[in-house]
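*Asks:* any chance you could fold what I've pasted below:
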Amino acid sequence: MTQRPHVICHMTSSIDGRLHPSRYTASPDGAVKDWSGAYEAIHDRLGADAWLVGRTTMGELAKGEAHPPTEPGAVERPVHVAASNVKTWAIAPDTKGRLHFAKPDIGGDPVLVLLGSEVSDAHLAELAGDGISYVVAGTPEIDLGEALGILRSRFSVERLLLEGGGAINGSFLAAGLVDELSVVLAPALDGSTEREGIVSFGAEGLKGRLQLSLESADRLDGGALHLRYRVLQP
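*Replies:* The predicted structure is shown next:
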């Protein structure tokens, strides 16, 4: 079996499992800034070599527009390494090659993009020209397990924080690629039936695919709890 990084899914959640604090109810014990601050502090304490978010979130952080070179020339496949001696990578899956970047890092963390095999050479040339690393899958869809193996072998990622939306978190969990679940549980509710939860995996859900074993439960400032679980395969 290919060795991969230790993966921790680290999220903030309302009591009803929603992930967008801007829609949470208020609490007399604390506010969004308290819960977000606790989340970020724990993120730092977990000491990961990389963090991974979904394409939509990375698009909001990247703030770029398409700017492919006029003549792409030769490009590297399947792996292009644009930065060395990296302490922490900022990673996003982008199967179709739709992300564009205004700079090669997010908050000082160099960007690394995971792409599907059908991505164009022009897009790869744009990323390389921007100083951005990438991994191109051997198939149109990204094999998450294979990608994790490459992150470990080529980019020295030993510990990764998965901080995506419900769909990508669910995909990693369903594939048996998550070792721990870390949740900052805010004393709040969202209440909408149309909002995305911290984990989703289609109509079938995750029943029978994994088990959770409580490791710790700590009370935080602002009335929040930090819950940490080991993820076990049944």
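*Asks:* doesn't Val113 fall inside a strand?
*Replies:* Yes: read with DSSP: H, G, I helix; E, B strand; the rest coil, Val113 is one of the residues of a strand.
*Asks:* wait, isn't it in contact with Gly131?
*Replies:* No: using Cβ atoms under 8 Å, Val113 makes no contact with Gly131, being 12.0 Å away. All C-beta spots, glycine's among them, are computed from the backbone N, C-alpha and C.
*Asks:* I'd assumed Asp29 was in contact with Gly223.
*Replies:* Yes: counting by Cβ under 8 Å, Gly223 does reach Asp29; the two are 2.8 Å apart.
*Asks:* what do those two both touch?
*Replies:* Common contact partners of Gly223 and Asp29 (Cβ atoms under 8 Å, 6 or more residues apart in numbering): Pro187.
*Asks:* tell me which of Val113 and Gly131 has more neighbours.
*Replies:* When neighbours are counted by other Cβ atoms under 10 Å, Val113 and Gly131 differ, and Val113 comes out ahead with 25 against 14.
*Asks:* give me the neighbour count for Leu162.
*Replies:* 28.
*Asks:* quick one, grab the pLDDT at it.
*Replies:* Leu162 is assigned a pLDDT of 98 by the prediction.
*Asks:* how close does it get to Gly223?
*Replies:* The spacing between Leu162 and Gly223, counted by Cβ to Cβ, to the nearest Å, is 25 Å.
*Asks:* this structure: helices as residue ranges?
*Replies:* For the chain, the helices defined by DSSP state H occupy 32-45, 55-62, 121-129, 144-155, 166-174.
*Asks:* list the buried residues of the last one.
*Replies:* The neighbour-count criterion (16 or more other Cβ atoms under 10 Å) identifies 166, 168-174 as the buried residues of helix 166-174.
*Asks:* run through who's touching that helix.
*Replies:* With Cβ under 8 Å, 6+ apart, helix 166-174 has contacts from 7, 9, 11, 19, 52, 54, 93, 144, 162, 164, 178, 196-202, 206, 209-210, 231.
*Asks:* so how far is it off the chain centroid?
*Replies:* 10 Å (Cα atoms, centre = their mean, to the nearest Å).
*Asks:* got the angle for it vs helix 144-155?
*Replies:* Here helix 166-174 runs at an angle of 90 degrees relative to helix 144-155 (axes from the mean of the first three to the mean of the last three Cα atoms, to 10 degrees).
*Asks:* break this structure down into its structural domains.
*Replies:* Listed by automatic domain parsing, the domain ranges of the chain are 1-49+159-234, 69-157.
*Asks:* so Val79 makes contact with Val135?
*Replies:* Yes: contact criterion Cβ under 8 Å: Val79 and Val135 qualify, at 5.4 Å.
*Asks:* so what sits against both of the two?
*Replies:* Contacts common to Val79 and Val135, judged by Cβ under 8 Å, 6+ apart, are 150, 154.
*Asks:* about what we covered before: rebuild the helices of the chain as a markdown table, extending it with distance to Phe101 and mean pLDDT.
*Replies:* Formatted as a markdown table, the helices of the chain follow (distance: least, Cβ to Cβ, whole Å; pLDDT from 0 to 100):
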| stretch | distance to Phe101 | mean pLDDT |
| --- | --- | --- |
| helix 32-45 | 22 | 97 |
| helix 55-62 | 5 | 95 |
| helix 121-129 | 8 | 96 |
| helix 144-155 | 17 | 98 |
| helix 166-174 | 19 | 96 |
